[in-house]
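J.: Show me how the following folds:
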Amino acid sequence: MDQIHVIILTVGLFVLTFINPGANLLVVVQTSLSSGKNAGLLTGLGVALGDAIYSGLGLFGMAALITEGGALFSAIKIGGGLYLMLYAYNMVRHRQKLHLGIGSIAPSPATPWYIYFRRGLLTDLSNPQTVLFFISIFSVTLTPTTPTWAKIVAWLGIVLASILWRSLLSMAFSRPTARRAYGKVQHLLSGIIGVAVGAFGLRLIYEGITRR
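T.: The predicted model follows:
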């Protein structure tokens, strides 16, 4: 298979996963709605860095450091699940304290930029099984004879696609019309998103505890 086709197929399979909602999508969307475009972009960049780390581990054969670590793999899942549950708890608990108005498009200057970036990064890294997902993609598209340059270009394509997708999400859901609509149902929607993120966290904890 031509190396250009290999790269396109690898990135394309990753892009197809965007239609499957998960904790990453929910966190970027909720942050964009509640705190504005810049906060959503920073959260999305954090998610993209997590994708870069896990896809790099899978692409260059370092995934065994995590997946074959046994207790390490389980500990990461449990720790990540606890983080997601804490985030979900705070979202539900403080949903009544969010007051969105037409003028509140920008995130509060009192919130440091790295808080949003860290939120996205930790949400993505909370599920180490992501590295297994990348391995499954690479097992379909790459072979032992695939040159290093093609692997690097495929990795860069994955990172770029991740950044673009999260940027589009943050821009779409931080628009004034979207935020005004969110303000009308914010109490209910924050609760729903919080429960969904918490469910992802519970699943990670269960998988981490039951993993042998």
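J.: can you pull the contacts of residue 168?
T.: For residue 168, the contact set (CB atoms under 8 Å, 6 or more residues apart in numbering) is empty. For every residue, glycine as well, the C-beta is placed using N, CA and C.
J.: start the count at 37, not 1, going forward
T.: Shifting the count to begin at 37 puts that one at residue 204.
J.: List the buried residues for whichever strand or helix holds it?
T.: If you go by DSSP states H and E, residue 204 is part of helix 184-209. Of all the residues in helix 184-209, those buried under the rule 16 or more other CB atoms under 10 Å are 186-187, 189-191, 193-195, 197-199, 201-203, 205-206, 209.
J.: Then stretch 162-178?
T.: So, applying 16+ other CB under 10 Å, buried residues of stretch 162-178: 162-167, 169-171, 173-174, 177-178.
J.: mind putting these in CSV, distance to residue 214 and pLDDT included?
T.: Formatted as CSV, the buried residues of stretch 162-178 follow (distance: CB to CB, whole Å; pLDDT from 0 to 100):
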residue, distance to residue 214, pLDDT
162, 26, 86
163, 27, 81
164, 32, 77
165, 31, 74
166, 28, 81
167, 33, 77
169, 29, 80
170, 31, 85
171, 36, 79
173, 32, 82
174, 36, 84
177, 36, 83
178, 39, 80
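J.: Tell me which of these fall in helices.
T.: Residues of these located in helices (DSSP state H): 166, 167, 169, 170, 171, 173, 174, 177.
J.: pretty sure the fourth one contacts residue 95?
T.: By that I understand residue 170. Yes - counting by CB atoms under 8 Å, residue 170 touches residue 95, with 6.9 Å between them.
J.: quick one: least confident helix or strand in this protein?
T.: Counting by mean pLDDT, DSSP states H and E, the weakest-scoring helix or strand in the chain turns out to be helix 100-103, with a mean of 55.
J.: Would you mind measuring from residue 80 to residue 64?
T.: To residue 64, residue 80 is 5 Å away according to CB to CB, to the nearest Å.
J.: Find the residues that touch each one of those two.
T.: 156, 202, 205, 206.
J.: Can you name the two of those that sit furthest apart?
T.: 156 and 205 (11.1 Å; CB to CB).
J.: Any chance you could list residues touching both of the two?
T.: Jointly contacting residue 156 and residue 205 under the rule CB under 8 Å, 6+ apart are 64, 80.
J.: where do the helices sit along the chain?
T.: 39-52, 59-71, 73-95, 100-103, 107-129, 149-161, 166-177, 184-209, 212-246.
J.: Ranked by average pLDDT, which of the ones you listed falls at the bottom?
T.: Among these, helix 100-103 carries the lowest mean pLDDT, at a mean of 55.
J.: In contact with the residue nearest to residue 116 when sequence neighbours are not counted, which residues are there?
T.: Counting by CB to CB, 6 or more residues apart in numbering, residue 162 is the residue found nearest to residue 116 once chain neighbours are left out, at 2.7 Å. Going by CB under 8 Å, 6+ apart, residue 162 touches 59, 112, 113, 115, 116, 117, 119, 120, 237, 240.
J.: Next, the angle helix 149-161 makes with the helix holding residue 204.
T.: Helix 184-209 runs at 120 degrees relative to helix 149-161, counting by axes from the mean of the first three to the mean of the last three CA atoms, to 10 degrees.
J.: now the ones in helices among the buried residues of stretch 162-178 in JSON lines, with distance to residue 231?
T.: Converted to JSON lines, these look like this (distance: CB to CB, whole Å):
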{"residue": "166", "distance to residue 231": "22"}
{"residue": "167", "distance to residue 231": "27"}
{"residue": "169", "distance to residue 231": "24"}
{"residue": "170", "distance to residue 231": "28"}
{"residue": "171", "distance to residue 231": "31"}
{"residue": "173", "distance to residue 231": "30"}
{"residue": "174", "distance to residue 231": "34"}
{"residue": "177", "distance to residue 231": "36"}
